[in-house]
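A.B. asks: have a look; sequence and predicted model below, questions after that.
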Amino acid sequence: MQTERPDREIDELPLRTGLRTRTLSDDRLAFCRQIGVRDIFLDHRSPRGDVFEDEGSQDDETITIDDGVVPSVSDLVQARRRVEDADLRLMGIQSLSYNVYGKIMLDKEGKESQLDTIKQLIRNLGRADIPILGYQWNPRGVVPMRTSQTVRLRGGARGREFDVDDLDEPYEPVDELEREYTEEELWDNYEQFLQEVLPVAEEAGVRLALHPADPPTVEQLGGIPRLFRNFEAFQRAMEIVPSDNHGLKLCLGCFSEMPDADVGEVIAHFGENDDIVFVHFRDVVGTWPRFTETFLDDDRSNFEPGAAIELLREVGFDGVMVPDHVPEVVGDTEWGHRSRAHAIAYLNGILSCSDDEGQ
């Protein structure tokens, strides 16, 4: 069910902002367009309740993906058209849950079913003209993503923090873990995964985008190595099975959390190699083992957003920047309408100024 839409040449679009959402309700889509966004990524819903964001909405206008559960081409086309009716573009699926890749990662029984699920999802996305599939490669349940949700920011706003001292040791392994794994084992499993799925992505015209480990911890926790914790790991990931259809979901917050990573060097290296698929624009204060998510315009934060955008322009990146995590501000919704609007306005203001300077 291929559809031709000559008005959508995404490779010719400028650097721009976008949002992620799990619902495609009329109100959510209207809000995104009203605050100056044109592109969105869809956070799917899992029938087992695994989610990536505290969305809150129970609307039915969403997509379900799980091991053996793949939205049809018709479902995806319907979602895309719903987004387009709101004068927006559906750029892709934000990420895959552990339910869809955990057995592949650990080379466990049932991995073939998960590989089939991912391949079919990629094919369906391509046929529905949805160009991006984000994914993670992290074990579930070993360490919490954040140890506090209520750290005070300016004016009493609340941000999320990770502090390794707040964790109970020893770290408990995931339920499915029957033994400890070596790092090379997981690299071998990952390479086999790429060898299986990247030819499918190339044929379908879909780009896969790899997200860093969050938090970017030490080499392993709970018996499972966390591969994508540093700059060198992403270099290896991009080189191990070379493909124009594989790149980074460049989470600036995660890379700035890494003690030895420099955001400017990361943008320069992967941007010049055309490895950046889209950007998670998040900022934090501090690095591993303790850091706090904050506002993009916080003077204490790890990097300067204007400088990062200038570097993205210099390397020729012309994709979407998504403020994926935002602080909790007074009177906001669980999704963070107010805080996301602030982040989008701030980024759009920088983009507008940098456009003026280039003219």
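C.D. replies: Looks like it came in fine.
A.B. asks: contacts only, for residue 302.
C.D. replies: For residue 302, the contacting residues are 256-257, 263, 283-287, 291, taking C-beta atoms under 8 Å, 6 or more residues apart in numbering as the criterion. Backbone N, C-alpha and C define where each C-beta goes, glycine included.
A.B. asks: I misspoke; the intended subject was residue 161.
C.D. replies: With contacts defined as C-beta under 8 Å, 6+ apart, the neighbours of residue 161 are 146-148, 151, 290-293.
A.B. asks: can you report phi and psi for it?
C.D. replies: phi -130, psi 150 (degrees, to the nearest 10).
A.B. asks: flag the shaky bits of the stretch 101-250 of the chain, pLDDT-wise.
C.D. replies: In the predicted model of the stretch 101-250 of the chain, residues 141-143, 169-177, 221-222 satisfy pLDDT under 70.
A.B. asks: who wins for most neighbours among the contacts of residue 161?
C.D. replies: The most crowded member of those, judged by other C-beta atoms under 10 Å, is residue 293 (25 neighbours).
A.B. asks: burial count for residue 329?
C.D. replies: Based on other C-beta under 10 Å, the number of other residues close to residue 329 is 19.
A.B. asks: same deal with residue 16?
C.D. replies: The local packing count at residue 16 equals 17, with neighbours defined by other C-beta under 10 Å.
A.B. asks: you'd agree residue 31 is up against residue 337?
C.D. replies: Yes - the criterion here is C-beta atoms under 8 Å, and residue 31 meets it with residue 337 at 6.3 Å.
A.B. asks: mutual contacts of those two, please.
C.D. replies: With C-beta under 8 Å, 6+ apart, residue 31 and residue 337 have no common neighbours.
A.B. asks: so which residues of this protein form helices?
C.D. replies: Here the chain has its helices, by DSSP state H, at 26-34, 73-85, 98-105, 111-127, 183-204, 231-240, 252-257, 263-272, 305-314, 337-358.
A.B. asks: contacts for the shortest one next, please.
C.D. replies: So the one you mean is helix 252-257. Contacting residues not belonging to helix 252-257 are listed as 162, 211-216, 231, 261, 263, 266, 279-284, 286-288, 291, 293, 301-303, 308, 324-325 [C-beta under 8 Å, 6+ apart].
A.B. asks: list only buried entries from those residues.
C.D. replies: 162, 211-216, 231, 261, 263, 266, 279-284, 286-288, 291, 293, 301-303, 308, 324-325 (16 or more other C-beta atoms under 10 Å).
A.B. asks: looking at the helices of the chain, which is closest to residue 138?
C.D. replies: helix 98-105 (7.3 Å; C-beta to C-beta).
A.B. asks: what angle do that closest one and helix 183-204 make?
C.D. replies: Compare the direction of helix 98-105 with that of helix 183-204 by axes from the mean of the first three to the mean of the last three C-alpha atoms, to 10 degrees and you get 120 degrees.
A.B. asks: tell me which strands and helices helix 98-105 is in contact with?
C.D. replies: The elements that helix 98-105 packs onto, with contact taken as 3 or more C-beta pairs under 8 Å, 6 or more residues apart in numbering; DSSP states H and E, are helix 111-127, helix 183-204.
A.B. asks: and the shortest one, how far out from the chain middle?
C.D. replies: Relative to its parent chain, helix 111-127 has a centroid offset of 19 Å by C-alpha atoms, centre = their mean, to the nearest Å.
A.B. asks: sorry, back to before: mind putting the contacts of residue 161 into CSV with distance to residue 97?
C.D. replies: Output for the contacts of residue 161, formatted as CSV (distance: C-beta to C-beta, whole Å):
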residue, distance to residue 97
146, 18
147, 22
148, 24
151, 26
290, 27
291, 24
292, 26
293, 21
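A.B. asks: show me which of these is closest to residue 130.
C.D. replies: Nearest to residue 130, judged by C-beta to C-beta, of the contacts of residue 161 is residue 293 at 28.6 Å.
A.B. asks: tell me how far that closest one lies from residue 227.
C.D. replies: Distance, residue 293 to residue 227, using C-beta to C-beta, to the nearest Å: 23 Å.
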